[in-house]
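**Student:** below: sequence and its predicted model.
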Amino acid sequence: MADDDIDSLYNKIRNFLIQKGPSLMVDIASNIGKDTMQTGAILDYFVARGSLFKTNRKYGFSSIYFLQDQKDAALSKLYEVLNNNEKAIVNKF
């Protein structure tokens, strides 16, 4: 993939995350017009490069992808899928 293509994809993903906030891979895939397998590889590339971030914990079957300044919003989104015991632990801290 050419550098221009990589930069273009990053800009599309970044703009999407700025507009929509932390997002699932399937939503990003739909926005950039790629299937989830391709999108997963693209997102992993940007995460490894430090351009994007992802949660270790899954929201369903997917991590949540976010920009550096969106970490709190990503964690809030994950909070929604915690069970009551996990929420109690989080609330304690």
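**Tutor:** Happy to help now that I have it.

**Student:** check what pLDDT Ala2 gets.
**Tutor:** On pLDDT, Ala2 comes in at 64.

**Student:** for Phe53, phi and psi?
**Tutor:** phi -130, psi 160 (degrees, to the nearest 10).

**Student:** could you do Ser62 as well?
**Tutor:** Here Ser62 shows phi and psi, under degrees, to the nearest 10, equal to phi -130, psi 150.

**Student:** in this structure Ser62 contacts Asp27, no?
**Tutor:** No. With contact taken as C-beta atoms under 8 Å, Ser62 and Asp27 are classed as non-touching, separated by 9.2 Å. Any C-beta I mention is one placed from the backbone N, CA and C, and that applies to glycine too.

**Student:** and those two? which has more neighbours close in?
**Tutor:** In terms of neighbours (other C-beta atoms under 10 Å), Ser62 is the more surrounded of Ser62 and Asp27; the figures are 18 against 15.

**Student:** beta-bridge partners for the more buried one, please?
**Tutor:** The partner list for Ser62 in beta bridges (DSSP bridges) reads Tyr59.

**Student:** mind listing what it touches?
**Tutor:** In this structure, Ser62 makes contact with Leu24, Met25, Val26, judged by C-beta atoms under 8 Å, 6 or more residues apart in numbering.

**Student:** from Thr55, how far out is it?
**Tutor:** Relative to Thr55, Ser62 is positioned 9 Å away (criterion: C-beta to C-beta, to the nearest Å).
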